[in-house]
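# Sequence and predicted structure are below.
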Amino acid sequence: MISVYTRPAAKTLVDPRTIRRRCAKLLDLVERPAAEIAIVLTDDVEIRELNGAYRQKDKATDVLSFPQSAPDFIPPPGMPVPLGDVVISVETAARQAASDGCLPRIKSALGRAPGAPWTVLDETTFLLVHGVLHLLGHDHMEPEERQEMEAREHQLIVAMFNRRKRNV
């Protein structure tokens, strides 16, 4: 089950129904279609509070992930996997999109020119992919981890923007 919660400050920036659809596609791609996940679309004030409370960093960030179970957890038959929560500052996503957002490696993989528009929805989708990968146990603190996570982000974002459905 996918739950999307949109705070008032984020309501006009992205459509939560589109985020839900993209999350469903993402969960299919990572072979977790029955996972339970909550997505919170919020602003810099709330994400700064969460970042301070949980990471001891007194600043806004673009995305936070809160896993609910170990990445290799296998639930009893019929019980969905409680994947966790992804909190995205749509306010930060908007700033990042306005400053050409997305990493150049992702934009080129999608066949977009360096100056091509990158929307708030595009950036929010990228942050969703990044957050879900954290829920699945990926990290980017060490160079090897970063390389692996970036490669997976690349695969998933390309597959998500590709109209053909396929597992990656």
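That came through, no problem.

# What's the local residue count around residue 119?
16 (other C-beta atoms under 10 Å). C-beta coordinates here come from the backbone N, C-alpha and C atoms, glycine included.

# My error: substitute residue 55 in the last question.
Neighbours around residue 55, by other C-beta under 10 Å: 11.

# which residues does the residue nearest to residue 44 when sequence neighbours are not counted contact?
Distances taken as C-beta to C-beta, 6 or more residues apart in numbering place residue 60 nearest to residue 44, at 3.8 Å, with adjacent residues excluded. Counting by C-beta atoms under 8 Å, 6 or more residues apart in numbering, residue 60 touches 44-45, 47-48, 51, 89, 91-92.

# Please apply the same query to residue 59.
Neighbouring residues of residue 59 by C-beta under 8 Å, 6+ apart: 48, 51.

# ok so, going back, which SS class is the residue nearest to residue 44?
Here residue 60 is coil, with the state taken from DSSP: H, G, I helix; E, B strand; the rest coil.

# What pLDDT is listed against residue 75?
Note for residue 75: predicted pLDDT of 73.

# Also residue 161?
79.

# State the distance from it to residue 93.
Separation of residue 161 from residue 93 (C-beta to C-beta, to the nearest Å) stands at 16 Å.

# The residue most central in space within the chain: what's it in contact with?
Geometric centre of the chain, nearest residue: residue 128, 1.2 Å, by C-alpha atoms, centre = their mean. For residue 128, the contact set (C-beta under 8 Å, 6+ apart) comprises 19, 22-23, 26, 39, 63, 86, 88.
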